[in-house]
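Student: Here is the input, now give the coordinates:
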Amino acid sequence: MVRCVVFDVGETLIDESRIWLRWAERLGVPALTFLGVLGGCAALDRPHRDAFELVRPGVDIDAEIARWAQDEPAGLRNGFDADDLYPDVRPALDALRGAGFDVVVAGNQPPEARAALEAMDLPVSAVRTSDEWGVQKPEPGFFAKVAELSGVAPEDIAYVGDRLDNDVLPAADAGMRPVLLRRGPWGYLHAERPEAARTTVIDSLTELPAVLAR
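Tutor: Below is the predicted model of the structure:
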């Protein structure tokens, strides 16, 4: 029986559209071009960082991030704020808490993402990032950290994410209940794959209380 629901961040809670549009502007390529290449990476199971190399061969992403921080120290740059939350997030989290589930956020994110999420005052028990833990999805160690943070057995945890490869199938392998959200480039593509049969596929986070009660 699920007692704790753990959420991925990007394209699960956070609409990353503004982030990618700002990146396109920063890299000096048309928005449609960059978004299209990013979608191609999703379809071909290539890392999203390949999109940067494809549109700007030889780009040093980490160095570009550092320069961007110097150029726009007060800007969001490749970050997010409460305006980027998907509209179903707060209602879904409230409903889950009201139904007696513990709610946690844990995803592959830099340390500053935790502060950004905590500033939103979401109804969650904890927020953690991969950079804090020193281990990233899909590594088993990440999901071991999730179970430790949740304080319950893996079989009592539902992990909700938009990717089969990075989120829900590794969670299933760790003994958790996998929930795939059909959202964002990876979510729509991965929901059509045969492996999605191993998961529960939803179209909105507001479906979760009823789905998990079954």
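Student: And the helix or strand hosting residue 144, what does it pack against?
Tutor: According to DSSP states H and E, residue 144 maps onto helix 140-150. Where contact means 3 or more CB pairs under 8 Å, 6 or more residues apart in numbering; DSSP states H and E, helix 140-150 is packed against strand 4-7, strand 102-107, strand 126-129, helix 130-133, strand 157-161, helix 169-173. The way it works is simple: take the backbone N, C-alpha and C, and place the C-beta from them, glycine included.
Student: Give me the below-cutoff pLDDT ranges for the chain.
Tutor: Residues of the chain meeting the criterion pLDDT under 70: none.
Student: can you give me the helices for it?
Tutor: 17-27, 31-43, 50-55, 61-71, 89-98, 111-118, 130-133, 140-150, 169-173, 184-190, 208-213 (DSSP state H).
Student: Go through the last one and flag the buried ones.
Tutor: Neighbour-count burial for helix 208-213 flags 208, 209, 212 (criterion: 16 or more other CB atoms under 10 Å).
Student: okay, the helices of the chain in JSON lines with distance to residue 1 next?
Tutor: Supplementary listing: the helices of the chain in JSON lines, determined by distance: least, CB to CB, whole Å:
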{"stretch": "helix 17-27", "distance to residue 1": "36"}
{"stretch": "helix 31-43", "distance to residue 1": "34"}
{"stretch": "helix 50-55", "distance to residue 1": "40"}
{"stretch": "helix 61-71", "distance to residue 1": "42"}
{"stretch": "helix 89-98", "distance to residue 1": "14"}
{"stretch": "helix 111-118", "distance to residue 1": "27"}
{"stretch": "helix 130-133", "distance to residue 1": "26"}
{"stretch": "helix 140-150", "distance to residue 1": "14"}
{"stretch": "helix 169-173", "distance to residue 1": "17"}
{"stretch": "helix 184-190", "distance to residue 1": "26"}
{"stretch": "helix 208-213", "distance to residue 1": "9"}
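Student: and residue 158, which of the ones you listed is closest to it?
Tutor: helix 208-213 (6.0 Å; CB to CB).
Student: Name the surrounding residues that touch that closest one.
Tutor: 2, 5, 92, 95-96, 99, 101, 158, 160, 177, 179, 200, 202 (CB atoms under 8 Å, 6 or more residues apart in numbering).
Student: Of the residues you listed, just the buried ones, PyMOL syntax please.
Tutor: Selecting only the buried entries of the contacts of helix 208-213 in PyMOL, with 16+ other CB under 10 Å as the criterion:
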select buried, resi 2+5+92+95+96+101+158+160+177+179+200+202
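Student: so which of the contacts of helix 208-213 would you say is closest to residue 62?
Tutor: Of the contacts of helix 208-213, the one sitting nearest to residue 62 (CB to CB) turns out to be residue 160, at 29.2 Å.
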